[in-house]
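Asks: Below are the sequence and a predicted model; questions follow.
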Amino acid sequence: MSTLTGPLAALAAEHHGLVTAELTRARHISPSVVAAALRSEALHRIRPGIFVDHGVWEATQTSDKYTLLVRGVMLGHPHWLASHHAGLALLGLPLFGLDLSLVDVVAAVRTSKRRPGLHVHVATAEQRSLITDPTITSISAADACVLTAADHGLVSGVVAMDAALKRGMTTATALTSALESSHTRYGAGQARAAIAAIDPLCESPGETRTRLILMAAGLDVRSQVSLKDARGFIGRVDFLVGDRVVVEFDGAVKYEGLEGKRALMEEKQREERLRDAGFRVVRLTWADLSRPDRVVARVRAQLAAA
């Protein structure tokens, strides 16, 4: 719900709740009006010269506030393109293990520049051709994924790459081409390793993280495996480790209401059939993934028992 009134409210409504100093000057909105809105907390400052409707900010989930920050930066600089994980945010791709106070952009500049919370990179020739298009605010999904992996590591990169592949936003070939054309001096090995570890069958960041933990331990992991028993098809499991250990990742699943109760009952029945068929089942949550050593120990124990 908006907490702004008058011309500021109208301006914010046009830009996802965002207001910039440049836009207020263009609309002839007095700085005193902006200052008053800040004092009354109707307006929230997210960066110098970039503000957001306080009601919008409060209603936005923590994970999406970074996207608002990136939108605000891009709104103030229409001739920039969001890059690295800022590009991922605008493309709606998952952000994992990343600095959500830093916004990377590419621009038609001769040298890279760093400011607090902002890194302006030199745009490639292809990116320079996109900068003039007002409908494009981000570099490609392939470029954003590769640069994220190069700068922030394999796990952050693979989480984004798996999601982009799953959604049809890129391909393995496009990722490889993006790495070759990026001319990145640092982190190329990380990006190459990330591309080698992609799996478009993974359906969530939690599944990708689970798979990477198990792979790093040297375990034989297969994603989205369909299993059967004497009665027929049991279901498709997140992972099968070896021949008999099923690993399932449970994200923020809530079994509320009638549909939730039905889903919980079906899940229990499926797991019972898996166990009756001789499979061992390990269930993991985000809390479990914070201790990879324990995850691996649990799976190895079930492998030994199987």
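Replies: It's in.
Asks: Poorly predicted segments of the stretch 1-150 of the chain, please.
Replies: Filtered on pLDDT under 70, the stretch 1-150 of the chain yields the residue ranges 1-2.
Asks: how about the strands in it?
Replies: Secondary structure of the stretch 1-150 of the chain, counting by DSSP state E, counting those that start in this stretch: strands at 18-20, 43-47, 50-53, 81-83, 103-107, 113-115, 118-122.
Asks: could you give the angle of the last one to strand 103-107?
Replies: Just to be clear, that refers to strand 118-122. 30 degrees (axes from the mean of the first three to the mean of the last three CA atoms, to 10 degrees).
Asks: could I get stretch 153-163 in CSV with only the CA atoms?
Replies: Written as CSV, here are the backbone C-alpha positions of stretch 153-163 (Å, rounded to 0.1, in the frame of the first residue of the first chain):
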residue,chain,number,x,y,z
GLY,A,153,32.1,-18.8,-7.4
LEU,A,154,30.8,-22.1,-8.7
VAL,A,155,27.8,-22.6,-6.5
SER,A,156,26.3,-19.1,-7.1
GLY,A,157,26.9,-19.6,-10.8
VAL,A,158,25.4,-23.1,-11.1
VAL,A,159,22.3,-22.2,-9.1
ALA,A,160,21.6,-19.4,-11.7
MET,A,161,22.6,-21.5,-14.7
ASP,A,162,20.4,-24.5,-13.7
ALA,A,163,17.4,-22.2,-13.4
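Asks: what about it, distance to the chain center?
Replies: Centroid separation between stretch 153-163 and its chain, computed with CA atoms, centre = their mean, to the nearest Å, is 9 Å.
Asks: which stretch of helix or strand covers L274?
Replies: If you go by DSSP states H and E, L274 is part of helix 257-276.
Asks: mean confidence score for that helix?
Replies: Confidence for helix 257-276, expressed as mean pLDDT, is 79.
Asks: Against H54, how distant is the residue nearest to D53 when sequence neighbours are not counted?
Replies: Taking CB to CB, 6 or more residues apart in numbering, and ignoring the residues beside it in sequence, D53 has G17 as its nearest neighbour in space, at 4.0 Å. All C-beta spots, glycine's among them, are computed from the backbone N, C-alpha and C. When CB to CB, to the nearest Å is applied, the distance between G17 and H54 equals 9 Å.
Asks: one step back: out of the strands of the stretch 1-150 of the chain, which comes closest to A144?
Replies: Distance to A144, taken as CB to CB, is lowest for strand 81-83 among the strands of the stretch 1-150 of the chain, at 6.6 Å.
Asks: rewinding a little: show me which positions of the helix holding L274 end up buried.
Replies: Along helix 257-276, the positions that meet the burial threshold by neighbour count (16 or more other CB atoms under 10 Å) are E267, R270, E271, R273, L274.
Asks: excluding its backbone neighbours, what's nearest the residue of the chain most remote from its centre?
Replies: Taking CA atoms, centre = their mean as the measure, the residue most remote from the mean C-alpha position of the chain is A230, 40.2 Å away. Closest residue to A230 in three dimensions, ignoring its sequence neighbours and counting by CB to CB, 6+ apart: A277, at 7.8 Å.
Asks: And the next helix or strand past the helix holding L274?
Replies: Elements were assigned by DSSP H and E; along the chain past helix 257-276, the next helix or strand is strand 280-284.
Asks: That following strand relative to helix 257-276, how many degrees between them?
Replies: Using the same axes, to 10 degrees: strand 280-284 against helix 257-276 is 140 degrees.
Asks: on that earlier part again, turn the strands of the stretch 1-150 of the chain into JSON lines, columns for mean neighbour count.
Replies: Compiled in JSON lines, these are given as follows (neighbours: other CB atoms under 10 Å):
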{"stretch": "strand 18-20", "mean neighbour count": "24"}
{"stretch": "strand 43-47", "mean neighbour count": "19"}
{"stretch": "strand 50-53", "mean neighbour count": "25"}
{"stretch": "strand 81-83", "mean neighbour count": "26"}
{"stretch": "strand 103-107", "mean neighbour count": "24"}
{"stretch": "strand 113-115", "mean neighbour count": "10"}
{"stretch": "strand 118-122", "mean neighbour count": "18"}
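Asks: Can you say which of the ones you listed is nearest to D133?
Replies: Counting by CB to CB, D133 lies closest to strand 81-83 out of the strands of the stretch 1-150 of the chain; the figure is 9.6 Å.
Asks: Pull the residues that contact that closest one.
Replies: Strand 81-83 is touched from outside by 70, 73-74, 87, 89-90, 103-107, 121, 123, 127, 130-131, 136-139, 143-144, 147, with contacts defined as CB atoms under 8 Å, 6 or more residues apart in numbering.
Asks: Could you tell me which of those count as buried?
Replies: With neighbours counted by 16+ other CB under 10 Å, the contacts of strand 81-83 contain buried members at 70, 73-74, 87, 89-90, 103-107, 121, 123, 127, 130-131, 137-139, 143-144, 147.
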